[in-house]
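# Provided below are the primary sequence and the corresponding predicted coordinates.
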Amino acid sequence: MVLPLLKLGTLAVKTLSKPIASRLKQQAKLHPRFRQLIIDIAQANHRLTTTIQRRIYGHATDVEIRPLNEEKAVQAAVDLIGEVFVFTVAGAVVIFEVQRSAKSEAKKEEKRRQEMEALRQRDDDLARELELLKHKLEEIEQLAKGRGLSGLFNLKHGSHEEDAKLPKPSSQNSQS
């Protein structure tokens, strides 16, 4: 239930960022100090992109680059601001999704680790129990070899019977 709402929320943020970027563009055109700042940014961006394009195409780079007129510079700057804003919002959403996914994977991995540890513990317990049973079986086999097969079934009674078969103490022998 949370995952679909989260994805819907991120989609809403992406969708809302475009009108917000448009509003930023409008305000950038109207504010005088900001307008001059964005014109300077647009002119610097124009010089940079023109120089890069000239180098890519093998044209001379030492030729003077004519600046954009004021309206084109403002339009280029507000377009750049809008795109940067949308890109930033989209990047933030991607980072958020990656972090959320990483946390989810970490929780799953921890659960798998705990399950594996429980299985290892169970395996160790079973191995100890098996060793104990083997030891007991060896003891029983040793007792069975020493007393014969009938001694195996009369372990407790066998010691009393053996006492009866033993000769009486020497005091009884002397009376005869």
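Thanks, I have the structure now.

# confidence score at residue 87?
Predicted confidence (pLDDT) for residue 87: 84.

# can you tell me the element residue 79 falls in?
Using DSSP states H and E, residue 79 maps to helix 70-153.

# now that helix: how far from the chain's centre is it?
Mean-position distance between helix 70-153 and its chain equals 9 Å (Cα atoms, centre = their mean, to the nearest Å).

# what helices and strands are in contact with that helix?
The elements that helix 70-153 packs onto, with contact taken as 3 or more Cβ pairs under 8 Å, 6 or more residues apart in numbering; DSSP states H and E, are helix 2-30, helix 32-57, helix 155-165. In this view, the C-beta of every residue, glycine as well, is placed from N, C-alpha and C.

# pretty sure residue 77 contacts residue 41?
Yes: using Cβ atoms under 8 Å, residue 77 makes contact with residue 41 at a distance of 5.4 Å.

# give me the more crowded residue out of those two.
Per other Cβ atoms under 10 Å, whichever of residue 77 and residue 41 has more neighbours is residue 77, with 26 against 15.

# measure the more buried one to residue 34 for me?
Using Cβ to Cβ, to the nearest Å, one obtains 10 Å as the distance from residue 77 to residue 34.

# likewise for residue 76?
In terms of Cβ to Cβ, residue 76 sits 15 Å off from residue 34.

# for residue 133, same thing?
84 Å.

# next one: residue 95
Per Cβ to Cβ, residue 95 is found 28 Å from residue 34.

# so between these two, which is more surrounded?
Set residue 95 next to residue 34 and count neighbours by other Cβ under 10 Å: residue 34 wins out with 15 against 10.

# tell me how far the more buried one lies from residue 74.
Counting by Cβ to Cβ - residue 34 and residue 74 are separated by 10 Å.

# likewise for residue 36?
On the measure of Cβ to Cβ, residue 36 and residue 74 end up 10 Å apart.

# neighbour-wise, which of these two wins?
Taking neighbours as other Cβ under 10 Å, residue 36 and residue 74 compare with residue 74 leading, 19 against 12.
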